[in-house]
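K.L.:
Have a look; sequence and predicted model below, questions after that.
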Amino acid sequence: MTKLKAILVDHPLIQHKLSIMRDLTTPTSKFRQLLREISLLLAYEVCRDLETELVDIRTPLETMSAPKLEGKKLCFISILRAGNGLLDGMLDLVPPARVGHVGLYRDPKTLIPVEYYLKLPEKIEDRLCIAVDPMLATGNSAAAAVQRIKDAGAKRIKFVCLLAAPEGIEAFSDSHPDVTIYTAAIDRKLNDHGYILPGLGDAGDRMYGTK
């Protein structure tokens with residue numbers, strides 16, 4: 001069995017906001033706002049090891065060597081549709097980042113992911129790619145999306161989610177042992193329909209007010 005590679009981001013502010021999101025009575029507008037806020041905090045953690053280089057700048061008082069991000073701009077890749085909820089907050093933190101999209105939906109009977117859209121930035125092989133999707137349930141959709149990103153040439157990939165099930169972490173790690181998972185919570189298990197327990201329901205439906 002592959003060793004699970006998941007980093008739990010358990011900052012108190014994240015946990016507080018996540019608890020409100022889980023609540024059945026939290027309205028759609030509040031759910032979206034909290035997801036955006038949490039995604040910014042998650043982005044701060046996932047970008048902790050970005051490489052920097054020293055460049056010469058001039059302050060109002062003198063010249064100095066100061067650190068700036070090195071290399072190609074990083075790339076956030078949203079796994080549609082729910083991934084867009086995490087994407088917005090991350091772009092608040094890193095506005096110059098490039099953005100890609102992978103469109104997948106999970107067949108309700110087989111739980112197998114079906115691709116319907118793919119659009120990624122150029123020179124993806126030179127960028128750190130951060131794939132985002134609020135829920136890592138069975139892990140099938142996330143694993144399929146990351147495989148498509150790899151097929152496009154990406155070499156450095158991280159995966160960020162709001163909630164993860166142990167089954168999803170294991171399946172994803174088996175498929176992509178080189179990709180680290182960042183999550184705000186690891187819940188108990190999946191139910192018979194592939195939903196995370198205790199979870200927060202369907203993230204896409206709660207974001208957009210659909211069923």
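P.N.:
Okay, I see it.
K.L.:
how about the helices of the chain, start to end?
P.N.:
Assigned by DSSP state H, the helices in the chain fall at 12-22, 28-46, 83-93, 140-151, 166-175, 203-208.
K.L.:
What is the fifth one packed up against?
P.N.:
For helix 166-175, the elements it packs on are strand 135-136, helix 140-151, strand 180-186, strand 189-190, judged by 3 or more CB pairs under 8 Å, 6 or more residues apart in numbering; DSSP states H and E. (Glycine included, C-beta is placed from N, CA and C.)
K.L.:
what's the average pLDDT for the second one?
P.N.:
It refers to helix 140-151. Averaging pLDDT along helix 140-151 gives 94.
K.L.:
Run a quick neighbour tally on the closest residue to residue 140 other than its chain neighbours.
P.N.:
Distances taken as CB to CB, 6 or more residues apart in numbering put residue 113 closest to residue 140, at 5.2 Å, once the chain neighbours are dropped. By the measure other CB atoms under 10 Å, the count of residues near residue 113 is 21.
K.L.:
Run through the residues that contact residue 113.
P.N.:
Counting by CB atoms under 8 Å, 6 or more residues apart in numbering, residue 113 touches 104, 105, 106, 107, 140, 141, 144, 145.
K.L.:
And residue 37, by the same measure?
P.N.:
17, 89.
K.L.:
Identify the residue spatially nearest to residue 209, adjacent ones excluded.
P.N.:
Residue 209 sits nearest to residue 28 (CB to CB, 6+ apart), 4.4 Å away.
K.L.:
Output the contacts of residue 113 as CSV; include the columns neighbour count and distance to residue 23.
P.N.:
Formatted as CSV, those follow (neighbours: other CB atoms under 10 Å; distance: CB to CB, whole Å):
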residue, neighbour count, distance to residue 23
104, 21, 28
105, 13, 26
106, 16, 25
107, 10, 29
140, 20, 28
141, 24, 25
144, 19, 31
145, 26, 29
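K.L.:
So which of these is the closest to residue 47?
P.N.:
residue 145 (20.1 Å; CB to CB).
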